[in-house]
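1. Fold the following and give me the result.
(one chain, ligands or ions: 1)
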Amino acid sequence: MDITKVTIYCFTGTGNTLLVAQEMLRTFAEKGLETRLFRMERADPARVPLDGLLGLAFPVAGQTTFPLVWRFARALPSAQGTPIFMVDTMMAFSGGVVGPLRRVVEKKGYRPIGAQEIVMPNNFSPLKIDEEKNRIKITRGLAKAQRYAQDLLDGRARWGHVPVLPDLLYAILGSPFLWRISGAIGQRFVLEQDKCSRCGLCEELCPLGNISLDPYPQFGPHCQLCQRCIAFCPTEAIHLPWLKHERYRAVRAAEILELP
Ligand SMILES: Cc1cc2nc3c(=O)[nH]c(=O)nc-3n(C[C@H](O)[C@H](O)[C@H](O)COP(=O)(O)O)c2cc1C
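-> Coordinates of the predicted model:
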């Protein structure tokens with residue numbers, strides 16, 4: 001493929017997707033391409049570069065992906081054949097992402113050249129974390145990411161669209177009404193005040209600006225359950241409002257915060 005630049009816009013809750021995006025960029029860089037990585041929640045979609053290869057990387061959530069990812073994709077500017085690929089990470093299965101996203105970008109004039117879904121460890125309130133199993137999943141996931149990057153360069157990648165079911169799932173599970181439930185759950189996050197040091201990391205990490213210190217963290221109505229605040233709280237003071245769960249994270253908080 002005659003491309004010299006690749007830019008990935010990545011949303012990651014707890015680091016799985018960031019690892020995958022970084023692995024792909026390493027592969028591209030080894031082939032001599034200029035690479036860039038941006039945090040989706042901070043980027044202005046209207047200003048994405050249209051003169052190279054564009055990538056969208058994000059986690060699966062609720063058989064679709066987070067509304068903030070859809071918002072970014074829908075706000076991309078019109079293009080004239082800019083090649084684009086997607087990669088998502090998930091614990092097992094995603095229904096309503098690949099085909100529906102293809103339609104969104106195609107309508108805007110992008111040329112969809114590849115979609116890949118990669119199994120990584122579950123980050124959603126795991127009851128028990130098996131470090132060894134997670135390590136194996138990550139190793140396999142990153143190997144798949146590497147192969148996928150190579151396939152994109154060799155023109156072997158594909159971005160298909162299975163009819164009917166994914167569109168149905170997208171229509172139902174992508175509905176803003178359903179995602180109000182996540183907002184309501186977020187407002188019920190449990191904060192153990194005696195553990196909280198009021199360090200402000202949760203406020204800084206929240207991709208939706210939904211947490212404010214007043215004087216302890218207050219959770220607003222816009223939570224999408226990405227798990228960042230729970231996963232990275234240094235004193236483990238934040239919990240989901242139900243059962244006792246462990247905390248999963250694949251990177252350090254600083255690795256997310258240092259990304260532009
Ligand atoms: C709210 C939420 C919903 C999820 N829903 C799904 C799902 O429908 N299917 C799936 O396979 N994984 C699901 N997962 C698991 C994540 O997609 C998976 O762990 C992903 O790799 C996390 O990426 P991240 O660390 O970049 O945030 C969900 C995770 C969260 C937090």
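2. which parts of the chain sit against the ligand?
-> 12-17, 59-63, 89-94, 120-124, 225, 227, 250 (CB under 6 Å from any ligand atom). Backbone N, C-alpha and C define where each C-beta goes, glycine included.
3. Need the residues that contact stretch 158-172.
-> 63-64, 85-86, 95-100, 102-103, 112-115, 178 (CB atoms under 8 Å, 6 or more residues apart in numbering).
4. so Ile113, which of the three states?
-> strand (DSSP: H, G, I helix; E, B strand; the rest coil).
5. Can you identify each of the strands in the stretch 151-260 of the chain by residue range?
-> Along the stretch 151-260 of the chain, counting by DSSP state E, counting those that start in this stretch, strands occupy 190-191, 211-213, 217-219, 238-239.
6. right, and the ones you listed - which one's nearest Ser78?
-> Closest approach to Ser78 among the strands of the stretch 151-260 of the chain is made by strand 211-213 (34.7 Å; CB to CB).
7. Any buried residues in the closest one, and which?
-> Within strand 211-213, the residues scored as buried using 16 or more other CB atoms under 10 Å are Ile211.
8. The residues of the chain next to the ligand in strands, which ones?
-> Applying DSSP state E to the residues of the chain next to the ligand, the entries found in strands are Pro59, Val60, Ala61, Thr89, Met90.
9. Which residue lies nearest the spatial centre of the protein?
-> Central residue of the chain (CA atoms, centre = their mean): Phe58, 2.5 Å from the mean position.
10. surely that residue meets Phe11?
-> Yes: the pair Phe58 / Phe11 is scored as a contact, 4.5 Å apart, by CB atoms under 8 Å.
11. Need the overlap of contacts for the two.
-> Thr17, Met40, Phe66, Val69.
12. And for Arg198, the neighbour number?
-> 13 (other CB atoms under 10 Å).
13. Please report the distance of it from the ligand.
-> Arg198 sits 25 Å away from the ligand, going by CB to the nearest ligand atom, to the nearest Å.
14. Just the CA trace of stretch 88-108, in PDB.
-> The C-alpha trace of stretch 88-108 is given here as PDB (Å, rounded to 0.1, in the frame of the first residue of the first chain):
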ATOM      1  CA  ASP A  88     -11.700  -3.300  18.800                       C
ATOM      2  CA  THR A  89     -10.800  -5.300  21.900                       C
ATOM      3  CA  MET A  90     -13.300  -7.400  23.800                       C
ATOM      4  CA  MET A  91     -13.600 -10.200  26.300                       C
ATOM      5  CA  ALA A  92     -15.500 -12.600  24.000                       C
ATOM      6  CA  PHE A  93     -18.000 -11.300  21.500                       C
ATOM      7  CA  SER A  94     -19.200  -8.100  19.900                       C
ATOM      8  CA  GLY A  95     -22.300  -8.000  17.800                       C
ATOM      9  CA  GLY A  96     -23.200  -4.500  16.700                       C
ATOM     10  CA  VAL A  97     -20.000  -2.700  15.900                       C
ATOM     11  CA  VAL A  98     -18.100  -3.800  12.800                       C
ATOM     12  CA  GLY A  99     -20.800  -3.600  10.100                       C
ATOM     13  CA  PRO A 100     -22.500  -0.500  11.500                       C
ATOM     14  CA  LEU A 101     -19.200   1.400  11.900                       C
ATOM     15  CA  ARG A 102     -18.300   0.500   8.300                       C
ATOM     16  CA  ARG A 103     -21.600   2.100   7.100                       C
ATOM     17  CA  VAL A 104     -20.900   5.300   9.100                       C
ATOM     18  CA  VAL A 105     -17.400   5.800   7.700                       C
ATOM     19  CA  GLU A 106     -18.300   4.700   4.200                       C
ATOM     20  CA  LYS A 107     -21.100   7.300   4.000                       C
ATOM     21  CA  LYS A 108     -18.600  10.000   4.800                       C
END
